[in-house]
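J.: okay, structure incoming, though there's no sequence with it:
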């Protein structure tokens, strides 16, 4: 409580307790830690259970830079590209998004639910 008896509350996205008046006047761009992530490929808002980190250079090639992708886009990337292609050519978000198959996938998947692209056997080389 404040000196004048007003109650303080812990509002989402804030680390300290605020009065109702303080919260109403606070900047509205404060984000809650529980907010869904956005897939870097398809742009869909994804709950944590469908979110994964995609290594731009595969881990087996000592890659450490990651982007947030939904499970469907992560599976699709690995269906389209080999480890060698991901390492040498498609090792940036821009290069992935520029590929025609990724652009086609992005258009198709944007209005679908999550979990539509089940993992399947690796494609033959």
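T.: That came through, no problem. Here the structure is a predicted model, which is why all the values come from computation and not from measurement. Residues are numbered from 1 along each chain as shown.
J.: can you tell me which residues contact residue 93?
T.: Residues near residue 93 by C-beta atoms under 8 Å, 6 or more residues apart in numbering: 40, 56, 67. Heads up, the C-betas are built off the backbone N, CA and C, glycines and all.
J.: report pLDDT for the last one.
T.: So the one you mean is residue 67. With respect to pLDDT, residue 67 scores 91.
J.: before we move on, what about residue 87?
T.: Residue 87 carries a pLDDT score of 91 in this model.
J.: quick check, it in contact with residue 61.
T.: Yes. At 4.8 Å, residue 87 counts as touching residue 61 under the criterion of C-beta atoms under 8 Å.
J.: neighbour count winner among the two?
T.: Legend: neighbour count by other C-beta atoms under 10 Å for residue 87 and residue 61, higher for residue 87 (17 against 13).
J.: any idea how far apart the tips of stretch 59-70 sit?
T.: 18 Å (C-alpha to C-alpha, to the nearest Å).
J.: JSON lines please, covering the contacts of residue 93 and showing secondary structure, neighbour count and distance to residue 108.
T.: Listed next are the contacts of residue 93 as JSON lines, based on DSSP: H, G, I helix; E, B strand; the rest coil; neighbours: other C-beta atoms under 10 Å; distance: C-beta to C-beta, whole Å:
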{"residue": "40", "secondary structure": "coil", "neighbour count": "17", "distance to residue 108": "17"}
{"residue": "56", "secondary structure": "coil", "neighbour count": "18", "distance to residue 108": "23"}
{"residue": "67", "secondary structure": "strand", "neighbour count": "17", "distance to residue 108": "20"}
